[in-house]
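> Pasting a predicted model and its sequence here:
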Amino acid sequence: MRTLLVCCLTAGLGVAAAPQKAAPQKKEPQPDVFLVTIDTLRADHVHCYGYDHIQTPALDALAQDGIRFTQAFTPSPITNTSHTSILTGLLPSSHGVTDFAVPLSPAHPTWAQLLHAQGYHTAAFIAAVILDSKSLAPGLDRGFDFYDNFPRQSQTKSRWGRLERRGMDVVQRAEAWLSAHPYGPHFIWVHLYDPHDPYEPPAPYSQIYKDRLYDGEVAYADSALANFISYLKKNRWYENSVIVVVGDHGEGLGEHHENTHGIFLYDSTTHVPLIFKTPAGTSGGKKRVVEAQVRTTDILPTVLDLTAIPAPSRLDGESLKPYFSGENRNASERVVFGETDYPLRFGWAPLRSVRAQGHKFIEAPRPELYDLRQDTAELANQYEPWNEQVKSFRGLLAEVRAKAPPPEPSRGTVGQGTIDELKALGYLGKADAGSSTNVPEPSLLPDPKDRIEEQNLLHQAMLASEDGRDAAARESLEKVLDLDPKSSTALRQLGELELHARDYAQSAQHLKAALEIDPNDATVAFHAAQALEKTNDLAGARVALEASLKLKPEQIEARLLLGKVYLELKNFKAAEDQFDAALLLQPNSIEGQLGLAQAKIAAGDFEGAMHQLESLSHSQSRNAEVFQLLAQAYAGLGKKAEAQRAEARARLLRTQK
């Protein structure tokens, strides 16, 4: 009472009351952030999205605790491109990762970088080599304290551990890391790849869903998510965390004749589930369902909004926080853009799309317009060039193109080992693919709608080849050539299949035909040279290798083979040059060092060969070929005793094998 009286008196006299010290506010700790991306997950194959033929209790429970977006869309139907959009908040044409192995530009910050700069401990756990930052997804590891790449040298021939990890394995690796690094705040990205084909769910899902194996993979992925959520709850990370679960893209499952994904931009491969669980209290503790159309590019801006972290200057998405409050359920929908350059790998036109105002427009050689309110399956094409909506949508696509940065001067290239990994995962394994940046739209290339059956057969052939079912692979590829005799992709795959089967004449025939159609494929030229060399067409092998190396000079295997070919052609100086070039690329190459010594001996430089081989014999003391060549060098120098000793050593090593 006395304090109140003093305050009143001082106020009445115009005297300022002594300021009261405000109690220091306790700073709320930053919430942990958990991102779970489930590969190849269609929204309409999740129980809480209305699909009654599956049980997905973990996703359903998370939706009960959080906010479920019924109309969320990805801009890309390809794994590494779609994930890059999630992690940067940018469209593919903005971040530039429109193909495999294209490095993410340092100009585009990722979730991990933005959160790490604010004190977050960051880790990523990937389930497939398609997101390996050392090969097919360079740059995605930026900002992560730990990025769980695959081992460079796999100890197993099984796809599990070599190309892919089961969902339960991925979450257990994430849980182990969290247990070892308990102090936060954390940003953890967990990637589950299981719904991606081939559909091989483990028991009991393989039995429960034996007639719907894709659903079995989805149900199994949900069980892995359940394990992870249970771990977070047990360790008291769940309640005050931000948890985002999203599909990176969907799956065709035969709709529009697309068995898998990557080629088309229909909803079957672009409509994905998106669920947000916010920290306790921020969503009122009630289940929320948002019907407005949103994008996966909106996820990063939302997380930055929830954590009060400044956003980068360029984002193609916007925060979803306005939808979180029940008072703002009528917030306007977002315009959705779609992009796929994957058809370029087959020599077909890239596609672009706009989804807005209940319609979808797809820019293609034969454009498409669908009224999604009347035609949810996108079957009745209503395109007319003079349609005002078409003009409006084309204007929006033009704006996106105008805002896109110019292409990087250096595009990604894929090494042979990574090409094999791509094929094993069911993707076309071409070393270099074109970019949509230099393809006009609408493109003059073939429309993918006219070629989708070829893609399905090529996909089947790749998976059959990976499984060792050569006859089935050959049958699928021959069907492609029945549809299109000039399919360079089918000719290339057939040539490589016959090369592995050691039918070198047939292999050379297919690969030479592929090169006539696509002379700019360095890998095809190299494989053709391998087949030609085996058939003793040395001149043809030399031409193919020189063409391959002109396109891609850093190929050590091509350098070594060209050196061998030059040796057989008696052009010893040219052989030395190629082996020298190979050793510049890989100084410790034993094959390169032996080839160089052989070329020196053939050219009469016995002393040069002797010095090189004597040095090599210390590190290669069990290599019979080293001592055999050393014997020849000694003999050329007239050192008979040394030659005899080296010859005896080579003979002994051969008998010990």
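That came through, no problem. These numbers come from a predicted model, not from an experiment. Numbering: from 1, shown residues only.
> When you work out contacts or count neighbours from here on, use the C-alpha atoms and nothing else.
Fine.
> and Thr302, how many residues sit next to it?
Neighbours of Thr302 under the rule other Cα atoms under 10 Å: 20.
> ok so Gln506 is a strand residue?
No - going by DSSP: H, G, I helix; E, B strand; the rest coil, the assignment for Gln506 is helix, not a strand.
> Skipping adjacent residues, who's closest to it in space?
Distances taken as Cα to Cα, 6 or more residues apart in numbering place Glu498 nearest to Gln506, at 6.6 Å, with adjacent residues excluded.
> hey, which helix or strand in the chain has the poorest pLDDT?
In the chain, the helix or strand scored least confidently by mean pLDDT, DSSP states H and E is helix 2-12, which has a mean of 35.
> re the thing from before, can you give me every residue that contacts the residue nearest to Gln506?
Tyr504, Gln506, Ser507 (Cα atoms under 8 Å, 6 or more residues apart in numbering).
> okay, the last one: pLDDT?
Going back to what we said before, that points to Ser507. Predicted confidence (pLDDT) for Ser507: 97.
> shouldn't it be in contact with Ala513?
No - Ser507 is beyond contact range of Ala513, at 10.0 Å (criterion: Cα atoms under 8 Å).
> What is the top helix by length along the chain packed up against?
For the chain, the longest helix by residue count, based on DSSP state H, is helix 213-234. When contacts are defined as 3 or more Cα pairs under 8 Å, 6 or more residues apart in numbering; DSSP states H and E, helix 213-234 sits against helix 57-65, helix 167-180, helix 205-208.
> hmm, try it at 10 Å
strand 33-38, helix 57-65, helix 167-180, strand 186-192, helix 205-208 (3 or more Cα pairs under 10 Å, 6 or more residues apart in numbering; DSSP states H and E).
> Just the buried positions in the second one, please.
By neighbour count, with 16 or more other Cα atoms under 10 Å as the criterion, the buried positions of helix 57-65 are Pro57, Ala58, Leu59, Asp60, Leu62, Ala63, Gln64, Asp65.
> Tally up the residues packed near Asp148, please.
Around Asp148 there are 19 residues (other Cα under 10 Å).
> same question, Gln374
Burial measure for Gln374: 11 neighbouring residues, criterion other Cα under 10 Å.
> you'd agree it is in a helix?
No - under three-state DSSP, Gln374 falls outside any helix and is assigned coil.
> So for it, what's the pLDDT?
97.
> just checking, it touches Lys360?
No - the criterion here is Cα atoms under 10 Å, and Gln374 misses it with Lys360 at 11.8 Å.
> Break down the protein into its strands, ranges please.
Assigned by DSSP state E, the strands in the chain fall at 33-38, 67-73, 121-125, 146-148, 186-192, 242-247, 271-277, 288-295, 336-340, 351-356, 359-363, 368-371.
> any idea of the mean pLDDT for the second one?
Meaning strand 67-73. Across strand 67-73, pLDDT averages out at 97.
> Now list whatever residues contact both of Ser507 and Ala513.
Shared contacts of Ser507 and Ala513, defined by Cα atoms under 10 Å, 6 or more residues apart in numbering, comprise Leu491, Arg492, Gly495, Ala528.
> Now, of the residues you listed, which are buried?
Leu491, Arg492, Gly495, Ala528.
> I'd like the shared contacts of Ser507 and Ala513 laid out as TSV, including distance to Ile263 and pLDDT.
Listed next are the shared contacts of Ser507 and Ala513 as TSV, based on distance: Cα to Cα, whole Å; pLDDT from 0 to 100:
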residue	distance to Ile263	pLDDT
Leu491	20	95
Arg492	20	93
Gly495	24	96
Ala528	28	96
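> how distant is stretch 254-263 from the center of its chain?
Stretch 254-263 sits 18 Å away from the centroid of its parent chain (Cα atoms, centre = their mean, to the nearest Å).
> Flag the shaky bits of the chain, pLDDT-wise.
1-28, 156-157, 281-286, 326-331, 407-417, 428-443 (pLDDT under 70).
> which of the contacts of Glu498 lies closest to Val400?
Taking Cα to Cα as the measure, Val400 lies nearest Ser507 of those, at 44.1 Å.
> what sits against the nearest residue to that closest one once chain neighbours are set aside?
The shortest distance from Ser507 to any non-neighbouring residue, by Cα to Cα, 6+ apart, is to Gly495 (4.2 Å). Contact analysis of Gly495 by Cα under 10 Å, 6+ apart lists 489, 501, 503-514, 524, 527-528, 531.
> May I have the phi/psi pair for Arg42?
Note on Arg42: backbone dihedrals following degrees, to the nearest 10 are phi -70, psi 140.
> ditto for Asp197
phi -70, psi 160.
> Just the endpoints, please. Distance across stretch 150-168?
Start-to-end span of stretch 150-168 (Cα to Cα, to the nearest Å) is 16 Å.
> returning to what we had before: can you pick out the most distant pair from the buried ones among the shared contacts of Ser507 and Ala513?
Leu491 and Ala528 (11.3 Å).
> what's the overlap in contacts for these two?
Ser507, Gln509, His510, Leu511, Lys512, Ala513, Ala514, Leu515.
> shouldn't the fourth one be in contact with Ala522?
No - in this structure, Leu511 is not within contact of Ala522 by Cα under 10 Å, at 11.5 Å.
> For Ala581, give me its contacts.
For Ala581, the contact set (Cα under 10 Å, 6+ apart) comprises Pro553, Glu554, Gln555, Ile556, Arg559, Leu560, Gly563, Ala575, Pro587, Gly592.
> Give me the buried subset of those residues.
Gln555, Ile556, Arg559, Leu560, Gly563, Ala575, Gly592.
> what sits against the closest residue to the second one other than its chain neighbours?
Read it as Ile556. Here the nearest residue to Ile556 in space, its sequence neighbours aside, is Ala582; by Cα to Cα, 6+ apart that works out to 5.3 Å. Going by Cα under 10 Å, 6+ apart, Ala582 touches 554-561, 563, 576, 588-589, 591-593, 595-596.
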